[in-house]
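Q: no sequence on hand, only this structure:
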């Protein structure tokens with residue numbers, strides 16, 4: 001699954017279970033083991049270097065950024 005699709009899927013699940021104000025970090029898109037280091041680095045680069053986001057960001061904001069190709 002592509003990173004963008006995975007991000008939207010996880011954001012939707014978190015919002016549905018924890019509400020609109022739920023925050024998450026880029027680690028939320030991965031299992032608790034490093035089984036896909038390339039995708040993890042892609043997410044970290046997008047989150048930290050490209051957008052300079054805080055550690056926790058509201059899921060609805062992340063979903064909106066991904067859907068707007070930011």
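A: Everything's here; your move. Just so it is clear, the model here is predicted, and its values are computed rather than measured. Numbering: from 1, shown residues only.

Q: which other helices and strands does the helix or strand bottoming out on mean pLDDT in the chain contact?
A: The weakest-scoring helix or strand in the chain, judged by mean pLDDT, DSSP states H and E, is helix 37-44 (a mean of 87). Judged by 3 or more Cβ pairs under 8 Å, 6 or more residues apart in numbering; DSSP states H and E, helix 37-44 is in contact with helix 3-18. Using the backbone N, CA and C atoms, a C-beta is placed for each residue, glycine as well.

Q: quick one: the helix it packs on to helix 37-44, angle?
A: Interaxial angle of helix 3-18 relative to helix 37-44 (axes from the mean of the first three to the mean of the last three Cα atoms, to 10 degrees): 70 degrees.

Q: now the element after helix 3-18, going C-ward?
A: Downstream of helix 3-18, the first helix or strand assigned by DSSP states H and E is strand 23-24.

Q: now do that following strand: everything it contacts.
A: Residues from elsewhere that reach strand 23-24, judged by Cβ atoms under 8 Å, 6 or more residues apart in numbering: 10-11, 14, 56-59, 62.

Q: before we move on, the earlier item: quick one: residues in contact with the least confident helix or strand of the chain.
A: Counting by Cβ under 8 Å, 6+ apart, 3, 7, 26, 29-30, 34 sit against helix 37-44.
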